[in-house]
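**Q** Sequence first, then the predicted structure:
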Amino acid sequence: MAPDDAQLWSAFLGFAAPPLIAVVQQPRWSSTAKTLVMLLSSVALGAGTAYFNGQFTAHTIGGNILIAAIAAGSAYQTVWKPTIAPAIERATSPRPNRGRHCS
């Protein structure tokens, strides 16, 4: 069975999502928190893709969420983590004030 447009969009958006997710994530977060952010992003991507492709059914939404999650997880591990995702997390993380006090 050939993939439909919603499935292909879910895979593409899942692949492209990790750099955007890295903007929100913080290096100090636990791996559980980081995984939860990725899964919530996959839910939004999968549901949104199903909706915008006119296929907003439980079956299609569930499949698209799964496709987005698998694409995001594997793309993060193989492409984004070894390259730019950690740098994005560091650059977008708040820095503690070291010895500076407001007066």
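**A** Looks like it arrived, so ask away. Numbers count the residues shown, from 1 in each chain.
**Q** burial measure for A17, as a count.
**A** Applying other CB atoms under 10 Å, we find 22 other residues in the vicinity of A17. No exception for glycine: its C-beta is placed from N, CA and C like everyone else's.
**Q** is it true that it touches A69?
**A** No: contact between A17 and A69 fails when scored by CB atoms under 8 Å: they sit 9.8 Å apart.
**Q** okay, and the common contacts of these two?
**A** Common neighbours of A17 and A69, counting by CB atoms under 8 Å, 6 or more residues apart in numbering, are M38, S42.
**Q** low pLDDT regions in this structure?
**A** 1-2, 96-103 (pLDDT under 70).
**Q** Could I get the full set of helices for this protein?
**A** All helices of the chain, identified by DSSP state H, fall at 5-24, 31-52, 58-75, 85-91.
**Q** so the first one versus helix 58-75, what angle?
**A** Which is helix 5-24. 50 degrees (axes from the mean of the first three to the mean of the last three CA atoms, to 10 degrees).
**Q** List the neighbours of helix 5-24 that are in contact with it.
**A** With CB under 8 Å, 6+ apart, helix 5-24 has contacts from 3, 37-38, 41-42, 45-46, 49-50, 52-53, 55, 60, 63-65, 67-72, 75-76, 79-81, 84-86, 88-89, 92.
**Q** now the shortest one
**A** Contacts with helix 85-91, where a contact means CB under 8 Å, 6+ apart, come from P18, P19, A22, V23, Q25, Q26, P27, Y76.
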